[in-house]
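S.K.: fold the following, please.
(chains A and B)
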Amino acid sequence: MSAILPPSERLWWKTPISGQEWAWIGIAFVWAMIMFTMMVYWHINGKQNLSNEVYKTTTEMFTAKTEAFVKENTIRTETEQNIPVVKPNAKGEAFLLARLWAWYPILELEAGKTYKIHLSSVDYNHGFSLQPTNINIQVIPGYEHVVKMTPTKAGTYAIVCNEYCGIGHHTMLGRIYVK
Amino acid sequence: MATTYRTCPRTGLQFDLDADKLMRWNAVAGVLWLLVGGITALLVILTRWPAIKLLPADQFYLILTAHGIDMLILWIIFFEMAVLYFASSTLLRCRIATPWLGWVQFWLMVVGGIMTNVAIFQGESSVMFTSYVPMQAAPHFYLGIILFAVGALIGCGVFFGTLVVAKREKTYTGSLPLVTFGAMTAAIIAVFTIASGAAILIPTFLWSVGIIKEIDAQLYRMVWWALGHSSQQINVAAHVSIWYLVAAVAFGAKPLSEKVSRFAFLLYILFLQLASAHHLLSDPGMSAEWKVLNTSYFMYFAVLASMIHGFTVPGAIEAAQRKKGFNNGLFEWLRKAPWGNPVFSGMFISLVGFGFIGGISGVVLGTEQINMLMHNTFYVPGHFHATVVVGTTLAFMAVTYLLVPTLFKREMIFPKLCQIQPYLYGLSMIVLSLVMMGAGTLGVSRRHWDMAFSGAPFQYEWPGSAYLMMGLTGIFGVIAVIGGGLWILLVVGSLLFGKKLDGGAAHDKPVPIPDQTVAAAASHTGSEEHVKVPGTVVLAITLLTCFVLYYFVNWKYLSEVWGLS
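M.R.: Next up is the predicted model:
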C-alpha cells in the first residue's frame, strides 16, 4: 500500500517483482561491476596508479633523510629564502618534505624519466596538488610514501597545498621544474 | 502518566502530544542552526569569491569550521531526530517510548552544539569539520561533539523503543510502513556512525587534555571518516524515506515493489558503513587492493541501492499518476504533477539533483585512480553540496511545507513565495554545485583562503576559467543563500504569524486512520497489478547515459596526467 502505511499485502515478500524493475536492477548491477572492474583493469594496463610503497617514519628521520638528499644533490638556490633546487640522485630518488608552510626543496626533473619521490609531512596533514597537471595526493605525518612519477611535459609546475594546515596554508606553494 | 493523542483533521495523521512537542522542538532547533549555518555560508562564499575576498584568513578558517559543523551535524541531525519521531510514533499511530529520554536527547544535543560553537568562535578551534590530528582544537570542541552524539544515540534508542511499543501494543498490522523502515535504516546507520565517532573523538578529546600522548594521523582519518561519511549516509536514508513519504502524501503513490525498495534499504545497512574508504583513496596508509574493494561502499553495492531508489521513487509517482488517468505519452504524468506545490517540487528537485549531480559526481570521485584528479579540490564540496544540500536539506525543506500545517498547526504565510522557494534554492544550489565541480576539475583547492597565494615564495596563476568558475560560485552561492534564507523566513514567519489551524481534539486512545483524509486516500489507491512506467525508464536510461559518459571522460583526463606507479 502507500509508503506511510504497512504493506497491504501481508506477505509482501512473495509478490513478484515486475520486469521493468528487474531490468533496471540488472542494468545497474552490471554497471556497478563494470566500474569495479575498471579500477582493476587500470592497475594492470593503466599508467596512473598510486604507489603502494609506504614506510612508517618520524619527523626526525624524514627530516634527516631529506637534509642529506638536499646536501648531496643541490644544483643551485632560488628566491630570497635561498630555497635549494635539487636534482634526484643517480638512482632517480628524490625527497619532498611538507611542513608549515612550505614544500622543501624545489625539485628539477626531466620529462620522460621515472623518479621515486619520497613524500611525507613533518607536522600536520598536507595535500600534494601538482598544478596545472592536477594530481592530488594526501601527505600524512608519520608515513613516508614513495610515489613513482614520470613527468610528461617540460615546464614549471606548482605544488599547491590542498589540505588545510593552518593560517599560512595559502602561502604553502612549492615548485617542480621539468626540463 | 496517560498519553494523549490528537488526530490532525486535514491529514488524518495522529500525534502523541509528547512526541508532537519533541518533534517541534527538534525541528525548530534544526532551523536555528540552519540560520547560523546560512550566515556562515554567506561569509564563506563572499571570501572565496575572488573579486570580494571579504574575510581575513584567520576568520575565514574559523567561519568555515563553523559552517561545516553547524550544517552537516547540527542542522541535519536535529531535523533527523524530528523525522525519526515522526516515522515511528506518528506513522505507527502509537505513543512514543520514554518521552523523558527524548528530552535528554534534545538537551544534550543543544548543550553539545553550543559548546562546540563556543569553542570555534573563541578562535582556538579552527580545525575544520574533519579536525585531522595532529592539528589540535580546544578540548570543549571535541567534548561538545561527543555530548551531541550521545544525545543523538539516545534519540535513536527512543526510536527503536517506539518501534517495540507499536509492535507490542499492536497499533499496526503486518510489517512496518516503508517510510518507517527507511527511517529505521537511518537509525541503524546512526548507531554505527556514533560508535565510530566515540572510537575516535573520545581518544582525541583525551589527547587534547594531555592524557593520551599521540594519535596516529592515518588511523584518525580512517576512523573519523567512519563517522564523517557514515553520518551523511544517515542523511541519504532519511531523505530517501522522505521522498517515499512525499510520493505517498502528494500522489497517494505506493512503492512499485515493497520487496525491491526494502532490499535497497538493506543494502545501505550492509554497505554504507564502508563509506570511510573513499576518503582515503589518495592516502599512503592503505593498499590498492583495500581501496579497490571498498571503493564506493564495497564494490558499488550501496550505489546500486541508490540507483534502485532513483528508479522506484519516480516510478511510484508515475504509476500513481497513470492510474489517475495521466496516460498520454511518456511524460504527461510528470507535466501534470503539482509543480506549484512546494512539497512536491522540492522533493522532485532533490531527487533529480541528488541523482544526476550528487550521485554521478560521488561515484566518479570515489573511483580509486580518478580520485587523484579531484582529491581535496573544490570538486569535493561541489559534490557534497549536490548530495547533502540539494538531496537532504531540500528534501527536509520540502517536507516542512507539509509539517508546518499538520505538526505546528499553522498555515504557511505568503503561499506564492513558498511556491518559488524550492526552485530558487534548489536550482541555484544545483548550478553552484556544478561550477564548484568545474573549479575543482581545474585544480582549485577546497578550504583555501587565497587562490592568488599572496605571501608565497613563488607565484602560480590559475587559468582564467578557474577564476570564472569561482566568480560564478560566488554569484550562485549568494542566490542559494537568499533561497535558504527565504525558507527560514517563511517557516519562522508561519510559526509566529501564520493562521492558526485546528489541530484536532485530544483523545487518550490511539485510533485508526479516519476516512476522507490524505493518509486514508493513500491506503485506498493501491492495487497489486504492475503498472508500466515507461517515463521513469526513460529518465533512468538518461541518468545511466550521463553517468557512463562522464565516468569515461574522467578516465580520459586521467590518462593524460603524469605517469604514476
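S.K.: neighbours of B:Glu560, how many?
M.R.: By the measure other C-beta atoms under 10 Å in any protein chain shown, the count of residues near B:Glu560 is 11. Any C-beta I mention is one placed from the backbone N, CA and C, and that applies to glycine too.
S.K.: OK, contacts around it?
M.R.: Neighbour list for B:Glu560: A:Thr152 [criterion: C-beta atoms under 8 Å, 6 or more residues apart in numbering or on different chains].
S.K.: could you pull out the strands for chain B?
M.R.: Assigned by DSSP state E, the strands in chain B fall at B:5-7, B:14-16, B:506-507, B:563-564.
S.K.: of all the ones you listed, which lies closest to chain A?
M.R.: Each of these has some distance to chain A by C-beta to the nearest C-beta; the shortest is strand B:563-564, at 3.3 Å.
S.K.: what are the ranges of the strands in chain A?
M.R.: A:54-56, A:74-78, A:83-86, A:93-99, A:102-104, A:106-109, A:115-121, A:126-131, A:135-139, A:143-150, A:155-161, A:173-178.
S.K.: my read is that A:Gly155 contacts A:Arg175, right?
M.R.: No. Contact criterion C-beta atoms under 8 Å: A:Gly155 and A:Arg175 do not qualify, at 11.0 Å.
S.K.: any idea which helix is longest in chain B?
M.R.: Longest among the helix segments of chain B by residue count, using DSSP state H, is helix B:464-497.
S.K.: quick one on the thing from earlier: most packed of the strands of chain B?
M.R.: strand B:14-16 (a mean of 26; mean count of other C-beta atoms under 10 Å in any protein chain shown).
S.K.: do you know the pLDDT at the residue nearest to B:Cys8 when sequence neighbours are not counted?
M.R.: Distances taken as C-beta to C-beta, 6 or more residues apart in numbering or on different chains place B:Thr406 nearest to B:Cys8, at 4.7 Å, with adjacent residues excluded. pLDDT recorded at B:Thr406 is 94.
S.K.: what do you get for A:Arg10?
M.R.: On the pLDDT scale, A:Arg10 is placed at 78.
S.K.: quick one: buried residues of the longest helix of chain B?
M.R.: By neighbour count with 16 or more other C-beta atoms under 10 Å in any protein chain shown, helix B:464-497 contains the buried residues B:466-467, B:469-474, B:476-487, B:490-492, B:494-495.
S.K.: who does the closest residue to A:Glu53 other than its chain neighbours bridge with?
M.R.: Closest residue to A:Glu53 apart from its sequence neighbours, by C-beta to C-beta, 6+ apart: A:Val146 at 4.1 Å. Note on A:Val146: beta-bridge partners by DSSP bridges are A:His118.
S.K.: so A:Val146 versus B:Ile479, what's the distance?
M.R.: Distance, A:Val146 to B:Ile479, using C-beta to C-beta, to the nearest Å: 46 Å.
S.K.: go on, B:Pro514?
M.R.: 43 Å.
S.K.: picking up where we left off before, anything in the longest helix of chain B near chain A?
M.R.: No. Judged by C-beta under 8 Å from any C-beta of the partner chain, helix B:464-497 stays clear of chain A, getting no closer than 9.6 Å.
S.K.: I'd like to know which elements that helix is packed against.
M.R.: For helix B:464-497, the packing partners by 3 or more C-beta pairs under 8 Å, 6 or more residues apart in numbering or on different chains; DSSP states H and E come out as helix B:17-48, helix B:394-406, helix B:415-441.
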